[in-house]
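> Okay, sequence plus prediction incoming.
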Amino acid sequence: MKFIQNPYLLIVLSSIAVYIFIIVAIRFFGKKELSQLSVFDLVFILLISNAVQNAMVLGNETLYGGLAAALSLFTANYLLKRLQLRFPKFGKLVQGDAIMLVYHGKIIPSHLRMAGISEEEVIQAIREHGVAAVSEVDLAVFEVDGNISVLSHDYTKKSQRRRKAHKVLSQQN
């Protein structure tokens, strides 16, 4: 990048390159890490941020260099969010799709492999949602943010009762 003379423009371009690299790396290595950070994950994130800091500011540790790097990251993040909203296919490319893990009480092993999740992790998430057994789950989905959503028979019954109650109330008015 010797053809670019402005040091702050170099910082902006380097910061955006590092930002895109980190997004691709997280996408490639899996979104499971986003949901629950272990001690290893936290240390990894701290070390990555320190490792790429010099690459972003190109040895320019001045206040202006740091601000240029931060501003470029905020701008890149804002623009990517706007692109994601404007072009849903781009959003799917960057974030991926939700993956169904359990359907009508049956775990889907091929989907677990696709998500990189063990059966024990799914069972743990089901228990965390207050459901005693996989057989009681109507639907469990690995969301794009790395969380697992669980809908159980009990939830379905409650929402049916709510819909009936709303229907009765609306008919009375």
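Thanks, I have it.
> Please enumerate the strands of the protein.
With DSSP state E, the ranges of strands along the chain come out as 99-103, 106-107, 137-142, 148-152.
> I'd like to know which of those is closest to residue 55.
Evaluated with Cβ to Cβ, these place strand 137-142 nearest to residue 55, the distance being 32.2 Å. For the C-beta atoms, the positions are set from N, CA and C on the backbone; glycine is no exception.
> neighbouring strands for that closest one, and are they parallel or not?
The pairing partners recorded for strand 137-142 under DSSP bridges are strand 99-103 (antiparallel), strand 148-152 (antiparallel).
> before we move on, back to that, how about the strands of the chain in a markdown table, adding mean pLDDT?
Below are the strands of the chain laid out as a markdown table (pLDDT from 0 to 100):
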| stretch | mean pLDDT |
| --- | --- |
| strand 99-103 | 96 |
| strand 106-107 | 96 |
| strand 137-142 | 95 |
| strand 148-152 | 92 |
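> can I get those strands in JSON lines with distance to residue 17?
Output for the strands of the chain, formatted as JSON lines (distance: least, Cβ to Cβ, whole Å):
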{"stretch": "strand 99-103", "distance to residue 17": "30"}
{"stretch": "strand 106-107", "distance to residue 17": "41"}
{"stretch": "strand 137-142", "distance to residue 17": "30"}
{"stretch": "strand 148-152", "distance to residue 17": "33"}
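> So residue 131 is in contact with residue 149, correct?
No - Residue 131 is not in contact with residue 149 according to Cβ atoms under 8 Å; the separation is 11.7 Å.
> Pick out whichever of the two has more residues nearby.
The neighbour count for residue 131 versus residue 149, taken as other Cβ atoms under 10 Å, is higher for residue 131 (22 against 14).
> The nearest residue to that one once chain neighbours are set aside - how many residues pack around it?
Spatial nearest neighbour of residue 131, excluding adjacent residues (Cβ to Cβ, 6 or more residues apart in numbering): residue 152 at 4.5 Å. Residues near residue 152, counting by other Cβ under 10 Å, number 23.
> Distance of residue 152 relative to residue 141?
Going from residue 152 to residue 141 by Cβ to Cβ, to the nearest Å gives 13 Å.
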